[in-house]
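Novice: Here's my sequence, what's the structure:
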Amino acid sequence: MTTLIISPVLALTLVSATQPVAGTQATTVSHIQARTFAVAKPDLRDAAPATPVATLAPAPPAPAATKPAPKKVPFYAAPAADPNSVIGIIEAAAARWGVSGGWMVKIARCESGLRTNAYNPGGPYIGLFQFLMSTFTHNGGTNIYDAADQSNITAKMLAHGQAHQWSCA
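Specialist: Numbers count the residues shown, from 1 in each chain. Model (predicted):
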């Protein structure tokens, strides 16, 4: 416990808990007890303080309010994507499977530039989410160039922990 005498009529007691921390000591204050005294002001000019005395500088004056607080700007959500657009189709599939539509759009944008006819001969990887034909059909896909089919298969795979299938995920 440490007592700080703030003035002749006010003292603060810091009740602390000390815990060892790898070769040092850390002290945390668990609570503060404030006490006030109704006593006459003693003559302290020649007396040495028995405990450390904390002196506090006077608080600076509050700045004058020169301009009013800014008005709150209303928040408007982005308009919903056209359900027939590629992004709308992706978001609908994501909602059906409980995954993030924004995440799926990010993956498709990275994989194919949101192009349903994208083709990478390195796999070959095909379509919006750049599937191998074998992976696509194994997961229930029927038309690899169809945005809805690719989005549904991707959402299902993401919902079942298969995000590692995409380098952009």
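Novice: What distance do you get for P61 to P68?
Specialist: For P61, the distance to P68 equals 20 Å [Cβ to Cβ, to the nearest Å]. (Each C-beta comes from the backbone N, C-alpha and C, glycine too.)
Novice: With D146 instead?
Specialist: Per Cβ to Cβ, D146 is found 56 Å from P68.
Novice: Those two: who's more crowded?
Specialist: A count of neighbours by other Cβ atoms under 10 Å puts D146 above the other of D146 and P68, at 16 against 6.
Novice: Pretty sure the more buried one sits against I126.
Specialist: No: D146 lies out of contact with I126 (Cβ atoms under 8 Å); the separation is 11.1 Å.
Novice: Show me the domain layout of the chain.
Specialist: Listed by automatic domain parsing, the domain ranges of the chain are 2-36, 86-165.
Novice: distance between the ends of stretch 128-141?
Specialist: End-to-end span of stretch 128-141 (Cα to Cα, to the nearest Å): 13 Å.
Novice: Could you list the residues in contact with that stretch?
Specialist: Residues from elsewhere that reach stretch 128-141 (Cβ atoms under 8 Å, 6 or more residues apart in numbering): 86, 90, 107-108, 111-112, 114-116, 118, 120, 123-127, 144, 147, 149-151, 153-154, 156-157, 165-166.
Novice: And those, which of them are buried?
Specialist: Listed as buried from the contacts of stretch 128-141 are 86, 90, 107-108, 111-112, 114, 116, 118, 125-127, 144, 147, 149-151, 153-154, 156-157, 165-166; burial here means 16 or more other Cβ atoms under 10 Å.
Novice: show me the contacts for G123.
Specialist: Contact analysis of G123 by Cβ under 8 Å, 6+ apart lists Q130, L132.
Novice: cutoff 6 Å now
Specialist: Contacts for G123 (Cβ atoms under 6 Å, 6 or more residues apart in numbering) come out as L132.
Novice: tell me which element G102 is part of?
Specialist: Assessed by DSSP states H and E, G102 sits inside helix 101-112.
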